[in-house]
Structures are given as C-alpha cells and as structure tokens.
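Novice: sequence unknown, structure follows:
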C-alpha cells in the first residue's frame, strides 16, 4: 500500500507543481495546483496516519481533505467565466467562500476521518457534489466556457470524482488499493486536461514539454522512493516504520519540486551568487526562459485555424509583448511576414530572432493604429485602440497596479497614466484592448492569406 500511495502522491504532486510552473500568474493554474498538491498531502498524511495510528492526524486530515474540493470548485468557477472579458470576481469569490464554509463546517461536525459515516461526512459529500453540479449547470446554460460543453463536463466529472474520492480513501468505504488506483488515474486525467486547456489558450504545444518533465521527475523520484520502501520492508511496525514513511513522502516531495521548479530555483541561486552582477543575472534569466519556451512551440500551420482562434493568439502575443520567452512559444512567429523580415535583415532563422521580429511586427501594427493628426497623445475615441496597446505594452504604463506611480515616465506617458487613472475604468481598457487586438489580428490574417495565395 505504501508503494501505491507513493505513486499517487508523486503523480499528483508533480502535476500540481507542473501546472504552477507553467504560469503562476494564471488563477486557473494556481487553483488547480493547490487542489492537486493538497490532494497529494492528504495521500501522504493518510499513509502516515495508518502506520502510526495517530488520532491527532485523523483530526487534522478531516480538514485537509476539504481543501482539494474547494480549490477545484474555484477552478470550475474560473473556467466558467466568459473568455476575454473583464468583470468583478465578487460573485465568484462569494460562492467559493460559501463552499469553503460548508466544507469546513462538515469537517468540524465529522471530527475525524475515522468511520463510520457521520452527519459531517455526508455534509462534506453534499457540498462537494452540489457545488460541482452547480458550476457545471452555470457554465453549460450560460454558455461561458473555454471549450466545448462535452470537454467542460468531463473536467467537472473529474473534479466531482476526485473531490469525493479524497474523502472515501481514509473512511475505508472501498478497498484502499482500489480507491488509490482509481484516484491516481483521475488525477492524471485531471492534470492533463487542465494543462491541455492552458496550452490551447496560449496556442502552445504540450506533449514534448510534459514528456520532458515527467521523465526528469521519474529519474529523480524512483531512486529516492526505492530506498525508503526498502527500509520500510525491513522495519517492524512502530516508530521506525513511521519515520521511514515520513521520509518516503518528504524525500519525494523535495525531489519532485527540485526537478519541476528547476528554473525558478536557478533564478534564486543566481540572485544569491551574482547579487552584484545584475546584467549577468538578466542574461542568464533570458537564456533559461528561452530554453524553457522552446518545447512549447507549436508546429501547426496558422492557415488551419479560424479567425476567432487567430484573434485570441494575437491578443496573447500582445499581452506578452515585453516577454521574449513567451513570444518564442507564440505560433505567430510562423507568420510569413516574419520570414520576410528575417530575410531583409539577413538574420539567422532561430527562435529568439523570430520572437524579436514578432515583437517588432506587433510594434509596427500598434503604431499603425495611431491617428494621423500629428499629435503624440489624445483622448478622443479615435485614440482608444492606440492608447490601449501602446502605453500599457510598449511604454510599460501600469495605471492599475497596486501602488503604481508615474515615476520614471516621460511627459507624454505621464499624461497617459493620469488619463488612465482618472478617466478610464479598467473594464473599459480591457475591452478596448480586445477590440484593438481584433483589428491587428485581421490585418495579420489578411497578410497571411495574401502570402498563401
């Protein structure tokens, strides 16, 4: 059983960290990562509890088993939000808070994960089940979903199954080996489903990057786990076996984290080792990010995607304007215009050069949105598309960031900053950026069609 628990723990822990490492700025990925890593923590804690027979761990575990269901409900709520819109999350936050209160109330009533089933356990089942069903109905009926209805229902079903299974495992309602094996399969499907959704949203490839990550994880995790499992087989029940079980899961957690989070950890080490060489740190960071982005490049031809998908890719590229590592993985680097620009410069056909040319191409298209009245800044309606892209992305004006100021901006950028802060709601800016991105996408799409003809 310890070996099976270790497999499920490693799989869920790896998937959680992998999703987090993809982009820690995306709420969906962060929430899914919280659900998966807390699921892994429950599996590890339950294994230690069974070996030690600790009642204290049983009382702690009943609260911990509520976390995955809450986090996964939050993921479903986030996925159900309309795409490419900006609106308050107050309603979603209130719903998540209500589910959390209900789940923890059930945990308090249950008292522990030990059987038999009590009122608190049934309350936890009900909260997880009804919240999952409600999120699915809202997404399907409201039409606000990132992909097909069938795809969303599959994801919700996985959330539902895992959210309830994590409570079934410690209660012993079904054989432990069967519960662990089935949940391990569900965890794999869930993590891959969320990763596929994010890759589709970003226009990135996934298979090569995920394969590289899982191979690296196995190479590191298997030797650590094997040593601990061998130690457990030669120890009798008691303190020694409990300590070895704890060592098994902590060593797996550290080993997997070091592999999956290698790039952030390397950045941290660079800040310590090269604290007096900011230029060297920046160069090394750029190289690491570019290297990490290469497996994410998609080989699918741009001509095979529809206008909506092309507009979404353009919007993503504009949002990543200042991040070359993100632009390296953008499918827009395959535009024929990029080939032409590289040939004109006599530059080598390399991923980083293509990313630089895509950035320059986007800058040209943004500049083309500027009204031809001879001014550098205006607040009339005809300036909206240009202002919404040029100042936030090209200049770097951050009008809505916490504690943001106009320090370091030139006089024109200061005017734009003041205008955004005092006259433009963030929702309006978001809508203008989407509209401007569609204009640029139509222009790029037209040049693509012309080149193909």
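Specialist: Thanks, I have the structure now. None of these values were measured; they are calculated from a predicted model.

Novice: C-alpha from now on. contacts and neighbour counts both.
Specialist: Fine.

Novice: Show me where this protein dips below the pLDDT cut-off.
Specialist: For the chain, the stretches with pLDDT under 70 are 82-88, 139-179, 299-304, 374, 448-453.

Novice: domains of it?
Specialist: Per the record, the chain has its domains at 2-260, 297-452, by automatic domain parsing.

Novice: Could I get the full set of helices for the stretch 201-350 of the chain?
Specialist: 207-233, 239-260, 262-273, 278-293, 307-319, 324-328, 336-345 (DSSP state H, counting those that start in this stretch).

Novice: Rebuild these as JSON lines, extending it with distance to residue 134 and mean neighbour count.
Specialist: Listed next are the helices of the stretch 201-350 of the chain as JSON lines, based on distance: least, C-alpha to C-alpha, whole Å; neighbours: other C-alpha atoms under 10 Å:
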{"stretch": "helix 207-233", "distance to residue 134": "32", "mean neighbour count": "16"}
{"stretch": "helix 239-260", "distance to residue 134": "34", "mean neighbour count": "19"}
{"stretch": "helix 262-273", "distance to residue 134": "37", "mean neighbour count": "14"}
{"stretch": "helix 278-293", "distance to residue 134": "37", "mean neighbour count": "15"}
{"stretch": "helix 307-319", "distance to residue 134": "28", "mean neighbour count": "20"}
{"stretch": "helix 324-328", "distance to residue 134": "35", "mean neighbour count": "25"}
{"stretch": "helix 336-345", "distance to residue 134": "46", "mean neighbour count": "15"}
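
Novice: I'd assumed residue 412 was in contact with residue 406.
Specialist: No - contact criterion C-alpha atoms under 8 Å: residue 406 and residue 412 do not qualify, at 10.7 Å.

Novice: More neighbours: which of the two?
Specialist: Comparing residue 406 with residue 412 by other C-alpha atoms under 10 Å, the one with more neighbours is residue 406, at 16 against 13.

Novice: Spit out the contact partners of residue 199.
Specialist: 205-206 (C-alpha atoms under 8 Å, 6 or more residues apart in numbering).

Novice: And it, how far from residue 351?
Specialist: Computed as C-alpha to C-alpha, to the nearest Å, the residue 199 to residue 351 distance reads 19 Å.

Novice: And residue 332, by the same measure?
Specialist: 12 Å.

Novice: Residue 50 too?
Specialist: 52 Å.

Novice: same question, residue 237
Specialist: 56 Å.

Novice: Between those two, which has more neighbouring residues?
Specialist: Remark: of residue 237 and residue 351, residue 351 carries more neighbours, 21 against 12, as counted by other C-alpha under 10 Å.

Novice: What sits closest to that one if chain neighbours are left out?
Specialist: residue 328 (5.9 Å; C-alpha to C-alpha, 6 or more residues apart in numbering).

Novice: Just to check, that neighbour is in contact with residue 293?
Specialist: Yes - using C-alpha under 8 Å, residue 328 is in contact with residue 293, at 6.3 Å.

Novice: does the nearest residue to residue 324 once chain neighbours are set aside belong to a helix or a strand, and which?
Specialist: Closest residue to residue 324 apart from its sequence neighbours, by C-alpha to C-alpha, 6+ apart: residue 355 at 6.1 Å. Secondary structure assignment for residue 355, by DSSP states H and E: helix 351-368.

Novice: Give me the next element, helix or strand, following that helix.
Specialist: Downstream of helix 351-368, the first helix or strand assigned by DSSP H and E is helix 384-389.

Novice: Who are the packing partners of the helix or strand encompassing residue 4?
Specialist: Element membership for residue 4 (DSSP H and E) is helix 2-22. With contacts taken as 3 or more C-alpha pairs under 8 Å, 6 or more residues apart in numbering; DSSP states H and E, helix 2-22 sits against helix 27-52, helix 176-202, helix 207-233, helix 239-260.

Novice: For residue 372, find the nearest of these.
Specialist: For residue 372, the closest of these is helix 176-202, at 33.4 Å, according to C-alpha to C-alpha.

Novice: Any buried residues in that closest one, and which?
Specialist: 176, 179-180, 183-184, 186-187, 190-202 (16 or more other C-alpha atoms under 10 Å).
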